[in-house]
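**Q** next input, structure requested:
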Amino acid sequence: MKHKTWTGTAAAGAFIVLILDSKTALYGASEGIELCIRSVIPSLFPFFVMSIMLTSIFMGASMPVLRPLGKLCGISAGAETIFLTGFLGGYPTGAQCVNQAYSAGQLKHDTARRLLGFCSNAGPAFLFGMVAMRFTKIRYAWVLWLIQILSAVLVGMLLPGKDQSNTSLVPAQPVTLQQALRRSVVIMAEVCGWIILCRMLVAFCSRWFLWALDDWVQVLFIGVLELANGCFQLGRIADEGLRFVICSIILSLGGICVLLQTRSVTKDVGLGKYIPGKLLQACISGIMSAVFWQILQKI
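**A** Numbers count the residues shown, from 1 in each chain. Okay, here's the model as predicted:
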């Protein structure tokens, strides 16, 4: 009852703000729609289709080559492909795979909750479709993806409660191009919905207080709120090295909108260690990206 009261109060407050300052809301929504049409959909949609097809092929497949990595991260033997699909499918595919495996009785409850801390990450669709164009060299996107993988592995090593038991995931049925297309449309619609809603909130925040902050702080704030909007704003950071570090942090963190999406696909297992895992990964990624950037400048 208390949850409904707070939700109703927040919704009523937001409704009043929309009425009192509809011009800002309209401006934010228009910018969000323009961002989706001009950048997000053209850059992400083709990658979504291909990543869905690849994920369906690898999910549940027997891949002994991943066993050493799984053992290092404390993943149940036989469930290592969840880690792989989490990187190929992007947010929140990995979390959804964990929830499906738990619901099917293939993962223990504690194990599933732990895997949520490092098995859901930014995928190549977002990195090469959206992020790469924010930098002067394509290799920076490849390095950012490497940092995502390494930081996730480190989180898997550091999170307590490793599971060394054996399990067997049910192989997924490979999807057809038509099925991948249909799923991509649904995912794209949800992503754009979050982007538009977040862009409206950013418009209000910009009007109220963001204008007083440095550009990099504004980008970090927006990225924590919603990942796509934050990455789109990266160009406002003149120093490419700082841009690289901020991008790495918000990619690892995922942001509040990704958190809400993750929560919607993990109803059976809950959020588990997703939040502490993402916070730890963001810290590790920030440090690693600063080191990698210095190395990149010497190559």
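
**Q** the one helix or strand I187 maps to packs against which elements?
**A** According to DSSP states H and E, I187 maps onto helix 177-208. Here helix 177-208 touches helix 22-35, helix 41-58, helix 215-225, helix 227-232, helix 256-265, going by 3 or more CB pairs under 8 Å, 6 or more residues apart in numbering; DSSP states H and E. Just so you know, the C-beta spots here come from the backbone N, C-alpha and C atoms, and that holds for glycine as well.

**Q** give me the contacts around stretch 130-139.
**A** 39-40, 43-44, 140-141, 144, 228, 231-232, 234-235, 240, 243-244, 247, 251, 296 (CB atoms under 8 Å, 6 or more residues apart in numbering).

**Q** right, and F83 touches L69 too?
**A** Yes: contact status for F83 versus L69: in contact at 7.0 Å, counting by CB atoms under 8 Å.

**Q** just to revisit the earlier point, out of the helices and strands packed on helix 177-208, nearest to K273?
**A** The closest of those to K273 is helix 256-265. By CB to CB, the value is 11.8 Å.

**Q** buried sites along that closest one?
**A** 257-259, 261-262, 265 (16 or more other CB atoms under 10 Å).

**Q** A79 against Q106, yeah?
**A** Yes: contact between A79 and Q106 holds when scored by CB under 8 Å: they sit 7.2 Å apart.

**Q** who's more crowded, those two?
**A** More neighbours surround A79 than the other of A79 and Q106, with 26 against 19 (other CB atoms under 10 Å).

**Q** contact partners for the more buried one?
**A** 70, 101, 106-107, 115, 167, 169.

**Q** change it to 6 Å
**A** Neighbour list for A79: 167, 169 [criterion: CB atoms under 6 Å, 6 or more residues apart in numbering].

**Q** count of neighbours near the closest residue to F204 other than its chain neighbours?
**A** Of all residues not flanking F204 in the chain, T24 sits nearest, at 5.7 Å (CB to CB, 6 or more residues apart in numbering). T24 has 17 neighbours, counted by other CB under 10 Å.

**Q** and for F118?
**A** Around F118 there are 28 residues (other CB under 10 Å).
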